[in-house]
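K.L.:
need coordinates for the below:
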Amino acid sequence: MRYRTKYHVDFPFALTMLTTVTSRPTERRIVIDAGKKAMSSDAALPSPIGLPEIAEMRFSAEHTTIDLTLPSEAPHVADQLELIVGYSDTTIHLHETILGMRAGRVECVWPVAARGKLQ
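P.N.:
Residues are numbered from 1 along each chain as shown. Modelled structure (predicted):
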């Protein structure tokens, strides 16, 4: 999202994250199982795919709360929600592996070799 919103680069997105809806306390609120420990929000906010207009996103360590502008019944608890990451550089280093997927199937698993190697 950083390159799209700041630099207006119109390439297809190369990195998305698959999350799960863990709570729907209201028709305008969605809670997912990925927060600051799973994705970066410092350079740009992640962008959920397929949701109606978002009023606000709030990040905790383990969860993200998404408030919609208008009520919506979908998605439901246990549904998967895909997000375009805000900034890939500061998201990738948070993970041990990256899954390469095509047409909904895992094609490869790439280890993040430099994970945890800062000194």
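
K.L.:
tell me which element residue 4 falls in.
P.N.:
helix 2-7 (DSSP states H and E).

K.L.:
any chance you could list what contacts that helix?
P.N.:
9-11, 13, 43-44, 86-87 (CB atoms under 8 Å, 6 or more residues apart in numbering). Where C-beta positions appear, they are placed from N, C-alpha and C, glycine not excepted.

K.L.:
which of those has the largest number of neighbours?
P.N.:
In terms of neighbour count, residue 86 stands highest of the contacts of helix 2-7 at 22 neighbours, by other CB atoms under 10 Å.

K.L.:
quick check: phi and psi on that one?
P.N.:
Here is the backbone geometry of residue 86 (degrees, to the nearest 10): phi -70, psi -50.

K.L.:
just to revisit the earlier point, format the contacts of helix 2-7 as TSV; extra columns: pLDDT and distance to residue 57.
P.N.:
Below are the contacts of helix 2-7 laid out as TSV (pLDDT from 0 to 100; distance: CB to CB, whole Å):
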residue	pLDDT	distance to residue 57
9	87	22
10	89	23
11	86	23
13	85	17
43	87	14
44	89	11
86	91	10
87	90	14
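
K.L.:
between which two of these is the distance greatest?
P.N.:
Within those, 10 and 43 form the most distant pair, 18.2 Å apart (CB to CB).

K.L.:
quick revisit: possible to save the contacts of helix 2-7 as CSV with secondary structure and distance to residue 99?
P.N.:
Output for the contacts of helix 2-7, formatted as CSV (DSSP: H, G, I helix; E, B strand; the rest coil; distance: CB to CB, whole Å):
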residue, secondary structure, distance to residue 99
9, coil, 24
10, coil, 25
11, coil, 21
13, coil, 15
43, coil, 23
44, coil, 22
86, coil, 19
87, coil, 19
